[in-house]
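Peer 1: All I have is the shape, not the residue letters:
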């Protein structure tokens, strides 16, 4: 539904997609554009980051505050954020503490603070959800520049894999790909499109959403720890507690 909606809106930053039946509960065939081979995104390239910002603003701006027109799109409401900080993240962490002595020796000390941080984050994101004018169709799983969700096709960004799509504050699509130093590129593109938003308000809400990747990628971080690499998990924990 998300992919075909974006296609029908004429977006040039997502693969074209079409299905003959979008209402059946049965699995249905879908045609999707083959983007071919991609190359890695250019690190530190200002123009590339500007292009990604414009691509996201195109997607977000076309669907901002239009939830009633997309009844099929699940909302990132209070229950959703509670799930993010429990079933998606902290519950996995607690289970690892209980089941793995080595994990417990290294990470059990973080558990109470992690649960508290998760609850606070869920409350903050629920508050952002109540700002209806800034809710839109979000990717929801937009990994950083090393990830695989923003394809570089001859210098043009294509955003793929909308399997985590939600009607949510647009900030969640920014906080892993953009830093505090370059997120102004998105703000510039957003205001150029005609949306009026004070920079200080934008920056404050970006900071509110900043821990989002820490919770949705915690389970993969635990899996990597079990496979001998603790770098990602430690990075996520430091981002939660040191920010």
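Peer 2: All right, it came through fine. A quick note: this is a predicted structure, and the numbers were derived from the prediction, not measured.

Peer 1: Helices of the protein, residue ranges please.
Peer 2: Counting by DSSP state H, the chain has helices at residues 2-8, 46-63, 78-84, 90-99, 101-107, 111-129, 184-192, 199-208, 212-216, 218-226, 231-242.

Peer 1: Could you list every helix and strand that the shortest one packs against?
Peer 2: Under the contact definition 3 or more C-beta pairs under 8 Å, 6 or more residues apart in numbering; DSSP states H and E, helix 212-216 sits against helix 111-129, helix 231-242. Every residue, glycine included, has its C-beta placed from N, CA and C.

Peer 1: Show me what that helix is in contact with.
Peer 2: Taking contacts as C-beta atoms under 8 Å, 6 or more residues apart in numbering, the residues outside helix 212-216 that touch it are 84-85, 88-90, 118, 121, 125, 141, 143-144, 164, 171-172, 175-176, 236-237, 239-240.

Peer 1: do that again at 6 Å, thanks
Peer 2: Contacts made with helix 212-216 from outside it, assessed by C-beta atoms under 6 Å, 6 or more residues apart in numbering, are listed as 84, 85, 89, 172, 175, 176, 236, 239, 240.

Peer 1: Adding pLDDT, neighbour count and distance to residue 154 as columns, could you present these in TSV?
Peer 2: Listed next are those as TSV, based on pLDDT from 0 to 100; neighbours: other C-beta atoms under 10 Å; distance: C-beta to C-beta, whole Å:
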residue	pLDDT	neighbour count	distance to residue 154
84	98	21	35
85	98	25	39
89	98	24	37
172	98	23	28
175	98	22	27
176	96	22	24
236	96	22	33
239	94	14	33
240	95	20	38
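
Peer 1: Out of those residues, name the two that are farthest from one another.
Peer 2: Of all pairs drawn from those, the widest gap by C-beta to C-beta lies between 85 and 176 and measures 16.7 Å.
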